[in-house]
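K.L.:
How does the following fold in three dimensions:
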Amino acid sequence: MLLDQARARKLLEDRGVDALVAHSPENFFYATTLRTQATFILRSIRGFAVLFSDKNKAPALVITHDAAEYSREFCWIEDQRYTDFEVYVERKAPPKIAAGDTIEALSKALTEKGIAKGRIALEMDSIPLAAYERIRKHLPDASIVDGSGIFQELRETKSVEEVARIRKATEITDKATDRTLEHVRTGVTELELKQVFEKAVLEEGGDLYFLPHVIIGAGKNGAFLSHHVPSSYKCQAGDLILFDLGAVYDGYTTDIAREACVQKVSANDERLYNVLQGAVEDVIASIRPGARPCDLFRQGQDTIRKAGYQDYRRGMIGHGVGITVHEGPSISPSNTKPLQAANVLTVETPYYISGHGGLNYEDIVLVTENDHEILSRAKKGLHIS
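P.N.:
Reported below is the predicted structural model:
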């Protein structure tokens, strides 16, 4: 199981929330372990998962009937309620239909559990307005509050199973990254390097279907801040190549960055890269339970500025990783919440030079009970082909 039920109930009690409802693909997966094409690719609401602060109220799953067999086999929630849906499935024993659609079934489940007049937390940062208004209509006496932050806080601290999946995703990414760096040469295209990485990920047992993270930018493309999509650009001598990569394993991803240069590297680029990598390593050395992200941020930024790059500034120099490539905790100047054991986060110091290229070094780190563990093991240093 991904979710720690006891911790979730405690957080709901602390927030005065009776029921927490998941509908987004990421949080629905987190709460149920179910990943479907309909939720992740089509981004449609085909189900809800409901967690309760009262341990005597069993969690509930609402899902369209076409997923009944799948949810029975792979979801830990026993109270499963199926709804009508315009898909025909030939069955010897069709599942009982609880309602005409998922919102109606959700409302019935909350009513049956005695929460119709309770405090219900929805993911207000992503629920469609039409869905929200229908829930309000079905539950006019309920107090609806925002549960987005509750999920964010729950997902910041990983369970043993979550750490294992991230660790495996990182191991796969490391191997695929090292294999991709070996293919850097004059004339190779960004797309060809992407294909090498993706092939290696699949061969190592990773997944590219759900939320892969593949940024490869050569030359000036590496400085495109909107996360460059690999193109047919052919690498030339002297080009920097920024690799920002993360495979997926069993629903969890990772995020590392490495750098290559084709044939030759300028003294300025080499010095800058060494400073960036050194700053990351210095920050990682300070990671442990109780360390404040805002202090880590200042440490990293100050290291780079003192090395002669006084204008360097960032909104953050790291972030949490898990079901998505960017989640809490962030290493930012405003984040004063101390790190806790089982936080998993990256440390990175990207530096972009318009018209020239991008440089970045990024490792992924697990906060342990007393210290930290660096999970990423891909080759360090500036790779020169």
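K.L.:
residues of the helix or strand where residue 153 lies that come out buried?
P.N.:
Assigned by DSSP states H and E, residue 153 belongs to helix 148-156. Under the neighbour-count criterion of 16 or more other CB atoms under 10 Å, helix 148-156 has 148, 149, 150, 151, 153, 154, 155, 156 buried. To be clear about C-beta, it is placed using only N, CA and C from the backbone, and glycine gets the same treatment.
K.L.:
cool, stretch 183-194 as well?
P.N.:
Neighbour counts using 16+ other CB under 10 Å place 184, 188, 189, 190, 192, 193, 194 of stretch 183-194 among the buried residues.
K.L.:
next one: stretch 109-126
P.N.:
Burial within stretch 109-126, assessed by neighbour count using 16+ other CB under 10 Å, is assigned to 109, 110, 113, 115, 116, 118, 119, 120, 121, 122, 123.
K.L.:
so is the residue nearest to residue 379 when sequence neighbours are not counted in a helix, a strand, or just coil?
P.N.:
Here the nearest residue to residue 379 in space, its sequence neighbours aside, is residue 178; by CB to CB, 6 or more residues apart in numbering that works out to 5.5 Å. The assignment at residue 178 comes out as helix when based on DSSP: H, G, I helix; E, B strand; the rest coil.
K.L.:
and the gap between the residue nearest the centre of the chain and residue 24?
P.N.:
In the chain, the C-alpha closest to the average C-alpha coordinate belongs to residue 324, at a distance of 1.5 Å (CA atoms, centre = their mean). Spatial separation of residue 324 from residue 24 under the definition CB to CB, to the nearest Å is 10 Å.
K.L.:
With residue 274 instead?
P.N.:
With distances defined as CB to CB, the gap from residue 274 to residue 24 amounts to 41 Å.
K.L.:
and if you look at residue 194?
P.N.:
When distances are taken as CB to CB, residue 194 and residue 24 turn out to be 28 Å apart.
K.L.:
about what we covered before: just say helix, strand or coil for the residue nearest to the centre of the chain.
P.N.:
Judged by three-state DSSP, the three-state class of residue 324 is coil.
K.L.:
Which element, helix or strand, includes the nearest residue to it once chain neighbours are set aside?
P.N.:
Once flanking residues are discounted, residue 324 sits nearest to residue 26: 5.8 Å by CB to CB, 6+ apart. Using DSSP H and E, the element containing residue 26 is helix 25-32.
K.L.:
Quick check: mean pLDDT of that helix?
P.N.:
Confidence over helix 25-32, taken as the mean pLDDT, stands at 94.
K.L.:
I'd like to know how far the residue of the chain most remote from its centre sits from residue 69.
P.N.:
The C-alpha centroid of the chain is most remote from residue 92, which lies 39.6 Å away (CA atoms, centre = their mean). Shown here: residue 92 relative to residue 69, a distance of 12 Å by CB to CB.
K.L.:
what is in contact with these two at once?
P.N.:
Contact criterion CB atoms under 8 Å, 6 or more residues apart in numbering; no residue bridges residue 92 and residue 69 by contacting each.
K.L.:
my read is residue 217 is in a strand, agree?
P.N.:
Yes - counting by three-state DSSP, residue 217 is found in a strand.
K.L.:
Contact partners for it?
P.N.:
Contacts here follow CB under 8 Å, 6+ apart; on that basis residue 217 touches 190, 223, 224, 228, 230, 241, 242, 357, 358.
K.L.:
do residue 1 as well
P.N.:
Remark: with contacts taken as CB under 8 Å, 6+ apart, residue 1 is in contact with 33, 76, 159, 161.
K.L.:
okay, now residue 360: neighbour count?
P.N.:
Here the count is done by other CB atoms under 10 Å, and residue 360 has 23 residues near it.
K.L.:
no no, residue 274
P.N.:
Neighbour count of residue 274, defined by other CB under 10 Å: 14.
K.L.:
Need the nearest residue in space to it, chain neighbours excluded.
P.N.:
Closest residue to residue 274 apart from its sequence neighbours, by CB to CB, 6+ apart: residue 382 at 7.7 Å.
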